[in-house]
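Engineer: Pasted the sequence and its predicted model underneath.
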Amino acid sequence: MESQQIYFDLSKQKLTEQKEHEEIETAILNPELEEKPGKPKIRDQWSNQFEFLLSCVSMSVGLGNIWRFPKVAQENGGGAFLVPYFVVMVLVGRPIYYLELSLGQFSSLSQVKIWRCNPLFKGVGYSAMMSTLLVMTYYCSIMATTMFYFFSSFAQILPWTECDSSWSEYVNCTDLTVHGNETKITTSIAAQYFEHGVLKEQQSMENGIGLPNWRLSLCLLASWLIICFSLIKGVKSSGKVAYFTALFPYVVLLTLLVRGVTLDGAWNGIRIFLTPDWKIIYSPKVWYKAVSQCFFSLNAGFGSVVMFGSYNPFRHNIARDAAILCVMDTVTSFIAGITVFAVLGYLSEQTGLAVEEVLGNAGTEIAFVSYPTAIAKFPVPQLFAILFFLMLYTLGIGSSIADAGAVISVFADKYPDVKRWKITTVICATAFLIGLVYVTPGGQFVLELVDYFGAAFVIILIAVLEVIGIMWVYGMNNFVHDIEFMLGTKVSWYSKICWGYIIPVGLGAMFVYSICEAEPLKYKVPYPLSALVCGWALAISCLLPLPLCAFLAIRKSKAASFLEKLKEATSPVEDFGPMNLKTRADWIDYKRCDRLCQPYEMRSMY
């Protein structure tokens, strides 16, 4: 009886595939039938593969490599942190980067449409899009601050080197360019300039967040105009921008590295960065930090990796590119750590303070307090300040273009008849208006709140569900065969083990840990209850598409029983597969041959 049912299922599936194959052949012979209103148009592709590689470098190598990685490493074991970070990069970072590039390249679709292979998990794509939208709005506010510092660097006297009574808390403050040895970093002119001169920061959220700072608002507007014009023609324009956003930061970073290691006290800072504390790597917190740094560094889980892959030619070797990009990202983080701590060692030597004291309490303090303080002591400080902040801005703009492009691609795929420039303009304008919240006196409080509830643990959960939806529901066997058909090479056991076991189990454990060990959120002072309620509402809003889309997928099914509805909701839709019709016909033949040549097995992760 069971064999008859299997035979019936195979016969039914064969008839469906034969009908689908005939429809594809008809479309190939009549190409005018392919482009209809509401149907996806032929997808743009990179002008050349060098643009793809540079765009991925520009996306993955961002602000987090320069200020987040050095501080996270120093706080979590120093040189010992490199061990869990490298392990996480090999077992999680590279495989999930390869996975997302493969999903995009195989389907030529955005992070929402790729779930035609498994409609029950379509909400994963929408949740990723919402989280990406939140991240890119506050990310651009940091870029606005960077732009403000860039223009301030052209002043004859750097503004963070002399006291100004309009923003200084102290009547008799010390000029760092003359009396640096008398300065305490916690009350330095640079710190006061950042908090009171630039951000106009208030001490709490009790009385609201205030009105936007007009100077930072203009810088924010300029940033979004640059992003908008970079994406106005899709990859045809953003690919050209990547030549600058990917290569220029390395020129400046290597220049600062050479300058940094030659400064007095530099090797003392480097020694502190690399000195391992082996005991601390046994703490789950260190591994969670390594996972978080890996995700935010590679931009995995946000949809931008899928989006970039979707613009590739179908046969492009992304397995090679994924390995190259992960190595480049790791090496860049390491070089940035050496560079930053070399300069901090020099600053420690000049001020007489410990490196830990000049490091500051937050990643932004490295970029806007500690590093500017050290640059002020260089010969021709304006030149190094201009180069440093231009490098930071370039790193930020590259990542922002990728995030904005991911959100735009979702709407462009959803509404193919709407001109892309219109979608781009509306999304950039909306993001700018949202971003005004972050350039208010209470903006940093909002930024920390959104980062924690809209990005941190949310992205890890999205990544876990993404891998489960593909490997455990769509089926590892199906996915591996899709890649092997696309690339013409066998998928390694290393990738299969990471996809099938290590990533879903390991990341799932990290997600549970992040929830169980969560500490009360605070920025300088604890958040009021109303702010925390808003934060949890934000997190729920980001995750709401998960159950909602699953419910709609099951409800949409016309099957009789719930189990049959569930089975249909987890099965690929009829138009899933390569976008090119000829390639899709070959893929269907490949699948049919694969089933006929191998014993029949029910769909599973194997």
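Structural biologist: In hand now; what should we look at? All values reported here derive from a predicted model rather than from experimental measurement. Residues are numbered from 1 along each chain as shown.
Engineer: Check whether Asp575 sits in a helix, strand or coil.
Structural biologist: coil (DSSP: H, G, I helix; E, B strand; the rest coil).
Engineer: Just to check, it is in contact with Arg116?
Structural biologist: Yes - shown here, Asp575 and Arg116 form a contact pair, counting by Cβ atoms under 8 Å, at 6.7 Å. Yep, even glycine has a C-beta here, placed from its N, CA and C like the rest.
Engineer: neighbour-wise, which of these two wins?
Structural biologist: Arg116 (16 against 12; other Cβ atoms under 10 Å).
Engineer: Nearest spatial neighbour of the more buried one, chain-adjacent residues omitted?
Structural biologist: Excluding its sequence neighbours, the residue lying closest to Arg116 (Cβ to Cβ, 6 or more residues apart in numbering) is Phe576, at 4.0 Å.
Engineer: Likewise for Val491?
Structural biologist: Closest residue to Val491 apart from its sequence neighbours, by Cβ to Cβ, 6+ apart: Val480 at 4.8 Å.
Engineer: any chance you could map the helices in the stretch 151-300 of the chain?
Structural biologist: Assignment of helices within the stretch 151-300 of the chain using DSSP state H, counting those that start in this stretch yields the ranges 176-179, 189-192, 214-231, 235-261, 266-274, 284-298.
Engineer: Remind me what the fourth one packs against, helices and strands.
Structural biologist: Read it as helix 235-261. Judged by 3 or more Cβ pairs under 8 Å, 6 or more residues apart in numbering; DSSP states H and E, helix 235-261 is in contact with helix 49-60, helix 214-231, helix 266-274, helix 318-351, helix 381-414.
Engineer: how about the residue nearest the centre of the chain, phi and psi?
Structural biologist: Residue closest to the average C-alpha location in the chain (Cα atoms, centre = their mean): Asn299, at 2.4 Å. Phi and psi for Asn299, reported as degrees, to the nearest 10, are phi 70, psi 20.
Engineer: returning to that earlier point: what's the neighbour count on the residue nearest to Val491?
Structural biologist: 19.
Engineer: surely it meets Ile497?
Structural biologist: No - with contact defined as Cβ under 8 Å, Val480 does not reach Ile497; the gap is 12.0 Å.
Engineer: now the closest residue to Thr275 other than its chain neighbours: how far from Tyr346?
Structural biologist: Of all residues not flanking Thr275 in the chain, Gly78 sits nearest, at 4.9 Å (Cβ to Cβ, 6+ apart). Per Cβ to Cβ, to the nearest Å, Gly78 is found 19 Å from Tyr346.
Engineer: Now do the same contact list for Lys414.
Structural biologist: 112-113 (Cβ atoms under 8 Å, 6 or more residues apart in numbering).
Engineer: Distance of it relative to Leu109?
Structural biologist: From Lys414 to Leu109 the distance is 11 Å (Cβ to Cβ).
Engineer: for Val407, same thing?
Structural biologist: On the measure of Cβ to Cβ, Val407 and Leu109 end up 14 Å apart.
Engineer: my read: Ala559 touches Ala569, true?
Structural biologist: No - assessed by Cβ under 8 Å, Ala559 is found out of contact with Ala569, at 9.0 Å.
Engineer: Identify the contacts common to the two.
Structural biologist: With Cβ under 8 Å, 6+ apart, Ala559 and Ala569 have no common neighbours.
Engineer: Please identify which of those two sits among more neighbours.
Structural biologist: Ala569 (23 against 13).
Engineer: Could you pull up the contacting residues of the more buried one?
Structural biologist: Ala569 touches 119-120, 550, 553-554, 556-557, counting by Cβ under 8 Å, 6+ apart.
Engineer: So which of these belong to helices?
Structural biologist: Judged by DSSP state H, the subset of the contacts of Ala569 located in helices is 550, 553-554, 556.
Engineer: for those, which one is nearest Met143?
Structural biologist: Ala550 (36.0 Å; Cβ to Cβ).
Engineer: who touches the closest residue to the closest one other than its chain neighbours in this structure?
Structural biologist: Spatial nearest neighbour of Ala550, chain neighbours left out: Leu120 (5.1 Å); criterion: Cβ to Cβ, 6+ apart. Leu120 makes contacts with 469, 473, 549-550, 553-554, 566, 569-570, as judged by Cβ under 8 Å, 6+ apart.
Engineer: Among those residues, which pair sits farthest apart?
Structural biologist: Gly469 and Ile554 (14.7 Å).
Engineer: The two: which has the busier surroundings?
Structural biologist: Comparing Gly469 with Ile554 by other Cβ under 10 Å, the one with more neighbours is Gly469, at 22 against 17.
Engineer: which residue packs closest to the more buried one, ignoring adjacent ones?
Structural biologist: Distances taken as Cβ to Cβ, 6+ apart put Phe121 closest to Gly469, at 3.5 Å, once the chain neighbours are dropped.
Engineer: just checking, the one you found touches Val473?
Structural biologist: Yes - between Phe121 and Val473 there is a contact under Cβ under 8 Å: 6.8 Å.
Engineer: Closest one to Lys377 out of the contacts of Leu120, please.
Structural biologist: Using Cβ to Cβ, the contacts of Leu120 come closest to Lys377 at Gly469, 52.8 Å.
Engineer: All set now, cheers.
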